[in-house]
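Chemist: After the sequence you'll find the predicted model.
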Amino acid sequence: MTQPKTIIEKIWENHTVLSEPGKPDLLYVDLQMVHEVTSPQAFEGLRISGRKVRRPDLTFATMDHNVPTENRASITDAIAKKQMETLSSNCKEFGIEVADLDSPNNGIVHIIGPELGLTQPGKTIVCGDSHTSTHGAFGALAFGIGTSEVEHALATQTLWQSKPKTMEVRVNGRLAPGVTAKDIILAIIAKYGVDFGTGHVLEYTGEAISGLTMEERMTICNMSIEAGARAGLISPDQVTFDYLEGREKVPSGEAFTQKVKEWQELATDEGAEYDAVVEIDSSEIEPMVTWGTNPSQGVGVKGVVPSPTEANSSVDRKAIEQSLEYMDLEPGTKITDISIQHVFIGSCTNARISDLRAAAKVAEGRKVADGVRAMVVPGSQKVKLQAEKEGLDKIFTEAGFDWRESGCSMCLSMNPDFVPEGERCASTSNRNFEGRQGKGARTHLVSPAMAAAAAVNGKFVDIRNLKEPAFK
Amino acid sequence: MEPIIKHTGNTGVLPRVNVDTDQIIPKQFLKRVERTGFGQFLFFDWRFLANGKDNPDFELNQSQAKDASILISDHNFGCGSSREHAPWALQDYGFRVIIAPSFADIFYNNCFKNGILPIRLDEEQVYKLMENGKDEVYEVTVDLQNQNITDENGFEASFEIDPYWKEMLLKGWDEISLTLQYEDKIDQYEEKMNV
């Protein structure tokens, strides 16, 4: 009987090209995803050194960060346009498949990877974007890299990586109604802090995790980086295989059956040990709202804004003080007394079809409150098409939401969408950093249903108190 | 890449926790297709007032932080995005060394690839450096070969660094050239795994 192993160790061993003492391991990369913002300097580096892309067939590109969500045909931002054109010409020069703005496959990199079936269990996946951890939902080891590493992986299909520590994040029990995957991850980060995962790869386990759909699992893994972990994953199971079957880049027929057999071997073995374990009980988790400027600064919707005097450490106190000043909030303010002027439903965290359905359920038959601007930005053109097929766009527009083209949009406001200085936004994205949604913008992270409920009420409300058809 | 062996320079003190990549270089400046020229946008929202003038309250605009090449900050420095524009901006502005009690992983790795030495030091020692540098010009010497930091008044602290990264910085190596020496191993791997 061999030593029981975690999925993290199994994937690592399967991908180690070279392991020598005193050095990181040389790790093989099965898939690199590329986007317009963090790649131009990498391609330029290749050109300067006269190098090729080693495996264009294991590389896939899309445009998402800069993309306008209105009038995609006429891009007014000249520098953004140049960045997109540069990606197109780089992909052409180096022979890489690109889902450009005209492609039906275009969308946010972490949404289209799974959608196309490029993301598969057991793969090592990298991208010049920290939310690459999203792909971990499939039992892949997926992490964000900088542009130097993008270039390195393009040239060599490998990366030098130190073996990470492993951490189990166990979510016990079943979720209460009205509590979503977004609330699980925000609650975990609120409980253990914004850097508890540093140096580790997280594996999410437990009854609550097994019960999630693939799309919900992606929301969880997506925010691993907000806990400081470069990667977070979930052992693949039948839910994973069912999601993948029939997707464009997934083998079919006998080859698929064979793949599933391989994938089944990947799950963490009974009795495998992690370097660390943290736990949370589903019964502790409520619909979450962040009040501060890092994703750990969140509370249940029934809670209040905390006081710096409640901090456990001087570092924590300093963080709370910095945040309250920027967010212009007083300690003790009820979350449900905070008014918002903007709502953003979108991003690689929460812009898949199930997220839009959840938001639409709340929006249906209601109206966006006076003084609130609300927008829905699907994660990909395919999600957009599906939503339109289901009539979700009508529900949103009738309620007064803007219905847009896909892209990263107001998650980081590199495109024309932003929140004006001093105003508040309920956002389904992943970061509430200072200035993220615009200079001086104040971001509150929530789930899609909570965001839609904030839009129609003009302030945060507990979605569990909404009447049908909001949720069951 | 320019090697770092021993570096003496003025310190810039930024006593804030969780300094994230959106603060280091706000996203509106990420659209360049070059690697250079990002220093002018470093800490943009903190550094400049709405009218474009220097914000007199920002720590690095204080006269004692002028020409600082060693940045001293608090916990979890560089959290957030994987964007390498953050170390590019720091480097272009003139920083060669960053000292903090803790760093975010991706940012920490990105520093080495851009000729910046990130140093993790105990909180107490970091706070001592901050105290010394917050009100006046304060030079320290960072000796990578011997892994220590000293000043003229007897401050001394040693630091840990992965020997691999140490060598890379000391020699100013390009990582890709190093890897391509192992190309046969990569070929063998691809053949064995049938990728």
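Modeler: Received the coordinates, thanks.

Chemist: ok, now which ones touch residue B:173?
Modeler: Counting by CB atoms under 8 Å, 6 or more residues apart in numbering or on different chains, residue B:173 makes contact with B:1, B:167. For glycine as for every other residue, the C-beta is placed from the backbone atoms N, C-alpha and C.

Chemist: nope, residue A:288 is what I was after
Modeler: Residue A:288 touches A:182-183, A:186-187, A:190, A:298-301, A:445-447, A:450, counting by CB under 8 Å, 6+ apart.

Chemist: in the strand of greatest length in chain B, what counts as buried?
Modeler: The strand of greatest length in chain B, counted in residues with DSSP state E as the criterion, is given as strand B:6-14. By 16 or more other CB atoms under 10 Å in any protein chain shown, the buried positions in strand B:6-14 come out as B:7, B:9, B:10, B:11, B:12, B:13, B:14.

Chemist: Turn the residues you listed into CSV, including pLDDT.
Modeler: Listed next are the buried residues of strand B:6-14 as CSV, based on pLDDT from 0 to 100:
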residue, pLDDT
B:7, 98
B:9, 98
B:10, 98
B:11, 98
B:12, 98
B:13, 98
B:14, 98
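
Chemist: Let me know the closest of the residues you listed to residue A:332.
Modeler: When those are compared for distance to residue A:332 (CB to CB), residue B:14 wins out at 29.9 Å.

Chemist: which residues does that closest one form a beta bridge with?
Modeler: residue B:73 (DSSP bridges).

Chemist: what separates it from chain A, distance-wise?
Modeler: 12 Å (CB to the nearest CB, to the nearest Å).

Chemist: quick one, what contacts that residue?
Modeler: By CB under 8 Å, 6+ apart, the contact list for residue B:14 reads B:59, B:60, B:71, B:72, B:73, B:74.

Chemist: try it again with 10 Å
Modeler: For residue B:14, the contacting residues are B:23, B:43, B:46, B:58-60, B:65, B:68, B:71-74, B:77, B:98, B:100, B:130, B:134, by CB atoms under 10 Å, 6 or more residues apart in numbering or on different chains.

Chemist: Emit the PyMOL select command for whichever of the residues you listed are buried.
Modeler: In PyMOL, this line selects whichever of the contacts of residue B:14 come out buried by 16+ other CB under 10 Å:
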select buried, chain B and resi 23+43+46+58+59+60+65+68+71+72+73+74+77+98+100+130+134
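
Chemist: Nearest to the middle of chain B, which residue? Look it up for me.
Modeler: Nearest to the mean C-alpha position of chain B, by CA atoms, centre = their mean, lies residue B:98 at 4.2 Å.

Chemist: for residue B:141, helix, strand, or coil?
Modeler: Look at residue B:141: counting by DSSP: H, G, I helix; E, B strand; the rest coil, its state is strand.

Chemist: my guess is it meets residue B:9, correct?
Modeler: Yes - using CB atoms under 10 Å, residue B:141 makes contact with residue B:9 at a distance of 8.3 Å.

Chemist: of all the residues in the stretch 251-400 of chain A, which ones are close to chain B?
Modeler: A:292-297, A:313-323 (CB under 10 Å from any CB of the partner chain).

Chemist: Are any of those buried, and if so which?
Modeler: Of these, these count as buried by 16+ other CB under 10 Å: A:292-297, A:315-320, A:322-323.

Chemist: Which ones among those map onto strands?
Modeler: Going by DSSP E, the strands hold none of these.

Chemist: Identify the residues contacting stretch A:236-251?
Modeler: Contacts of stretch A:236-251 (CB under 10 Å, 6+ apart): A:7, A:31, A:60, A:105, A:113-122, A:137-140, A:209-218, A:234, A:252, A:256-260, A:263-267.

Chemist: so which helix or strand takes in the residue nearest to the centre of chain B?
Modeler: Taking DSSP states H and E as the criterion, residue B:98 maps to strand B:97-100.

Chemist: Now do the strands in chain B.
Modeler: Secondary structure of chain B (DSSP E): strands at B:6-14, B:70-73, B:97-100, B:117-120, B:139-143, B:148-150, B:156-158.

Chemist: Please apply the same query to the stretch 301-450 of chain A.
Modeler: A:342-345, A:373-376, A:402-403, A:424-427, A:442-445 (DSSP state E, counting those that start in this stretch).

Chemist: one step back: put the buried members of the contacts of stretch A:236-251 into a ChimeraX selection.
Modeler: Only the buried entries of the contacts of stretch A:236-251 go into this ChimeraX selection, using 16+ other CB under 10 Å:
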select /A:7,31,60,105,113,114,115,116,117,118,119,120,121,122,137,138,139,140,209,212,214,215,216,217,218,234,259,260,263,266,267
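
Chemist: Looking at the contacts of stretch A:236-251, which are in strands?
Modeler: A:31, A:60.

Chemist: In this structure residue B:109 contacts residue A:230, no?
Modeler: Yes - with contact defined as CB under 10 Å, residue B:109 reaches residue A:230; the gap is 9.0 Å.

Chemist: Quickly list what's touching both of those two.
Modeler: A:145, A:161, B:82.

Chemist: need the residues you listed in CSV with distance to residue A:78 and pLDDT, can you?
Modeler: Below are the shared contacts of residue B:109 and residue A:230 laid out as CSV (distance: CB to CB, whole Å; pLDDT from 0 to 100):
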residue, distance to residue A:78, pLDDT
A:145, 28, 97
A:161, 38, 96
B:82, 26, 92
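
Chemist: Nearest to residue A:76 among the residues you listed?
Modeler: So of the shared contacts of residue B:109 and residue A:230, ranked by how close each gets to residue A:76 (CB to CB), first place is residue B:82, at 27.8 Å.

Chemist: how many other residues sit next to the closest one?
Modeler: 30 (other CB atoms under 10 Å in any protein chain shown).

Chemist: For the nearest residue to it once chain neighbours are set aside, give the beta-bridge partners.
Modeler: Closest residue to residue B:82 apart from its sequence neighbours, by CB to CB, 6 or more residues apart in numbering or on different chains: residue A:144 at 3.6 Å. Partner residues in beta bridges with residue A:144, using DSSP bridges, are residue A:127.

Chemist: How confident was the prediction at residue A:144?
Modeler: On pLDDT, residue A:144 comes in at 97.

Chemist: got the contact list for the closest residue to residue A:105 other than its chain neighbours?
Modeler: Using CB to CB, 6+ apart and skipping the chain neighbours, the partner closest in space to residue A:105 is residue A:99 (4.1 Å). Residue A:99 is in contact with A:60-64, A:91, A:105-107, A:109, A:112, A:116, A:380-381, counting by CB under 10 Å, 6+ apart.

Chemist: can you list those in CSV and add distance to residue A:76 and pLDDT?
Modeler: Formatted as CSV, the contacts of residue A:99 follow (distance: CB to CB, whole Å; pLDDT from 0 to 100):
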residue, distance to residue A:76, pLDDT
A:60, 28, 98
A:61, 23, 98
A:62, 21, 98
A:63, 16, 97
A:64, 18, 96
A:91, 23, 98
A:105, 25, 97
A:106, 19, 98
A:107, 21, 98
A:109, 23, 98
A:112, 25, 98
A:116, 30, 98
A:380, 23, 98
A:381, 21, 98
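
Chemist: Filter the residues you listed down to the ones in helices?
Modeler: A:91, A:109, A:112, A:116, A:381 (DSSP state H).

Chemist: which intervals of the chain have sub-threshold pLDDT?
Modeler: Assuming you mean chain A. Along chain A, segments meeting pLDDT under 70 span A:1, A:468-472.

Chemist: actually it's chain B I care about, not the one you picked
Modeler: Scanning chain B for pLDDT under 70 picks out no residues.

Chemist: Phi and psi next, for the residue lying closest to residue A:161 once chain neighbours are set aside.
Modeler: Nearest residue to residue A:161, sequence neighbours excluded (CB to CB, 6+ apart): residue A:27, at 4.7 Å. When quoted as degrees, to the nearest 10, the phi and psi of residue A:27 stand at phi -110, psi 130.

Chemist: Just give the number of residues close to the spatially closest residue to residue A:443 that is not a sequence neighbour.
Modeler: Leaving aside its sequence neighbours, residue A:443 sits nearest to residue A:432 (CB to CB, 6+ apart; 4.0 Å). Neighbours of residue A:432 under the rule other CB under 10 Å: 27.
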